[in-house]
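Novice: Fold the stuff below for me.
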Amino acid sequence: MNNEQKSQLISQIDGALRQAIQSCRDANKLFNLARHYAQFHWLNLTECWEKADLENYIFKLIEPRLPAFTAQESRTKITHVISEAYDTGGHTPLCVNLVKEQKSRGDDVELIITRKATDTVIKNLQNANVPIKTYPDNGVSQMLALAKCFLQSKAVVLHINPDDIVVCLAVMIAERHGVPCYFVNHANIHFSYAPSQCTGILEITAASWLSSQKYRHPKSQSFLGIPASKTETNTLWQGRIEETGITGPYFISVGTPLKYRLGNSNDFPEFIEFLCGKMGQKLLMIGPGDHQKFAELSPDARKNLVVLGQVERDRTLALMAGAKAYIDSFPEGGGTSVVNAMKLGLPIFGCRISEGMYGDDFLSTSLPDLFARVSDFLTNGADQDLLDTRANFIKTQMSVSACVDRLLQTIDGKKIAVPYSYDTANMDLTFHHSRWLENHDLYIPPIINMGNTQSK
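Specialist: Numbers count the residues shown, from 1 in each chain. Here you go, the predicted structure:
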């Protein structure tokens, strides 16, 4: 399937889903169809970034049947909303660390979980005395309960999954009653519901800021950033590195399997072959599990590669602190792990164009350039002044405290600019979308009948 055929199929499936949505008059079924529509564009990295017209269409259908709502007059509570919270990835700690910091300051704050969270996350929040509410039903009853809760809040902060149409509709109710809602753009390369409906978008990088301006229709924008972990790694997991099977200095890389795109690209395996095979360096990978591509490496490369799969966050930070350098996942990179690596003062290497993050000058535009940079590091060491500059910036500008300050300033009506310089000419905002269009991945919603490309 070539690019043109893939684009045509995307258009057909989009049309089938839109037709099903427009034909549906049962609210719960309508919400389910809307979730499938969002998942289709989100998981496929299509060129569709938002659909405010679809959100408005659904809201217009249900609006006549909504009960009367009234916003509470005196409101102090800031309500954070997350769809799903996990022990891995950067999305959850971004939300949890902000909420915990607010609670530690004495703020009136709560967290709503609309779908699910792991026991570890729940326990972490409970230990910090953060009030938690859950609304597991994804239908009309959940939307009404969320709207009622939002109308008792000073402001609502969204950390939601891109397909969470129910939260989006509750936000539309809240916004129409004068409650400001803010969308944390943590998945800035994906389709998502809600950003256009909110008072403002909270951006995490310069790239997320630019993509919102170009592909979405924000009422306003303000910079939040990616908060670095507060965990003190020097006292964690002392003496436990031997459990990994690594002896001696090692490089480390952290990321979900999708960030390495092992099924569709040989780039990262080629880098492993260079680092672990040719250069004889040890590499610890956290996140991916065993993969066929790893079995195709040379014996020397396999000998020096340790793949741990999922590892709890505190231990991951401790293993990062013991590394000689950090390798950003690619083609999808950036995120919380890079911020933590900068805070730890680690040399960082990666491969692609700018991510729009602070300090992403570590990125190479080609594998040969990446190989050259790593070789130079192994021969001459790192630029310590550069590492210190990065670490100091992260500790001051990307601390949890600094990010909460920006959040509260935004809620109070200020618009915070990106606090570092960046090169717009070196950013391709459609990089991931173009790469996806070129591969063979295609997520087809289970309600789609490919025999006639109509919804069942």
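Novice: Just give the number of residues close to F31.
Specialist: The local packing count at F31 equals 23, with neighbours defined by other C-beta atoms under 10 Å. C-betas here are computed from N, CA, C, even on glycine.
Novice: hang on, it packs against S141?
Specialist: No - F31 lies out of contact with S141 (C-beta atoms under 8 Å); the separation is 11.0 Å.
Novice: Strands along the stretch 51-200 of the chain, start to end?
Specialist: In the stretch 51-200 of the chain, the segments counted as strands under DSSP state E, counting those that start in this stretch are 78-85, 109-117, 132-134, 155-159, 181-184, 200-203.
Novice: same deal with the stretch 301-450 of the chain?
Specialist: In the stretch 301-450 of the chain, the segments counted as strands under DSSP E, counting those that start in this stretch are 305-309, 325-327, 348-351, 363-364, 448-449.
Novice: Out of those, which gets nearest to E270?
Specialist: Nearest to E270 among these is strand 348-351 (9.9 Å), distances taken as C-beta to C-beta.
Novice: Now do that closest one: which elements does it pack against?
Specialist: In terms of contacts (3 or more C-beta pairs under 8 Å, 6 or more residues apart in numbering; DSSP states H and E), strand 348-351 is packed against strand 325-327, helix 336-343, strand 363-364, helix 367-380.
Novice: How far off centre is stretch 246-258?
Specialist: Computed by C-alpha atoms, centre = their mean, to the nearest Å, the chain-centroid distance of stretch 246-258 equals 20 Å.
Novice: For it, C-alpha coordinates in PDB please.
Specialist: The C-alpha trace of stretch 246-258 is given here as PDB (Å, rounded to 0.1, in the frame of the first residue of the first chain):
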ATOM      1  CA  ILE A 246      25.700  -4.800  33.700                       C
ATOM      2  CA  THR A 247      29.200  -4.500  35.000                       C
ATOM      3  CA  GLY A 248      31.200  -1.300  34.400                       C
ATOM      4  CA  PRO A 249      30.100   1.900  32.700                       C
ATOM      5  CA  TYR A 250      27.000   1.900  30.500                       C
ATOM      6  CA  PHE A 251      24.800   4.000  28.300                       C
ATOM      7  CA  ILE A 252      21.100   4.100  29.000                       C
ATOM      8  CA  SER A 253      17.900   4.700  26.900                       C
ATOM      9  CA  VAL A 254      14.400   4.900  28.300                       C
ATOM     10  CA  GLY A 255      11.200   4.900  26.200                       C
ATOM     11  CA  THR A 256       8.100   3.000  25.200                       C
ATOM     12  CA  PRO A 257       8.400   0.400  22.400                       C
ATOM     13  CA  LEU A 258       6.600   2.700  20.000                       C
END
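Novice: And that stretch, what's buried?
Specialist: Residues of stretch 246-258 classed as buried by neighbour count (16 or more other C-beta atoms under 10 Å): 246, 250-255.
Novice: these two touch, right, Y86 and N124?
Specialist: No - under the criterion of C-beta under 8 Å, Y86 lies out of contact with N124, with a separation of 11.9 Å.
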